[in-house]
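Participant: With the sequence up front, the predicted model follows.
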Amino acid sequence: MANSRDVRITIALECTSCIRKEIGSKIGICRYTTRKNRRNTPTRLESEKYCSHCRRHTLHKESKK
């Protein structure tokens, strides 16, 4: 059975350049999912990924959950 405090967790990366407004909050349109090791990378993850909405490589940051 999986422990709730597993070392590897699934996170979502959101595009920082393509932002739309929904009910006063800013939400990135393009999202990627990945897994990270909680012990080795305690800070938020940032990565250059391809955004299909912007049609170019942009910075994607770990979203808040």
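Facilitator: Good, I have the coordinates. Numbers count the residues shown, from 1 in each chain.
Participant: Listing partners with orientation, what would you give for the helix or strand containing residue 50?
Facilitator: Residue 50 belongs to strand 46-51 when assigned by DSSP states H and E. Paired neighbours of strand 46-51 in the sheet (DSSP bridges): strand 56-62 (antiparallel).
Participant: just to revisit the earlier point, list the buried residues in the strand holding residue 50.
Facilitator: Buried residues in strand 46-51, counted by 16 or more other CB atoms under 10 Å: 49, 51. For the C-beta atoms, the positions are set from N, CA and C on the backbone; glycine is no exception.
Participant: got the CA positions of that strand in CSV?
Facilitator: Extracted in CSV, the C-alpha atoms of strand 46-51 (Å, rounded to 0.1, in the frame of the first residue of the first chain):
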residue,chain,number,x,y,z
GLU,A,46,11.4,25.0,-13.2
SER,A,47,12.0,23.7,-16.6
GLU,A,48,12.0,24.9,-20.3
LYS,A,49,9.3,23.0,-22.1
TYR,A,50,7.4,23.4,-25.4
CYS,A,51,4.1,25.2,-25.1
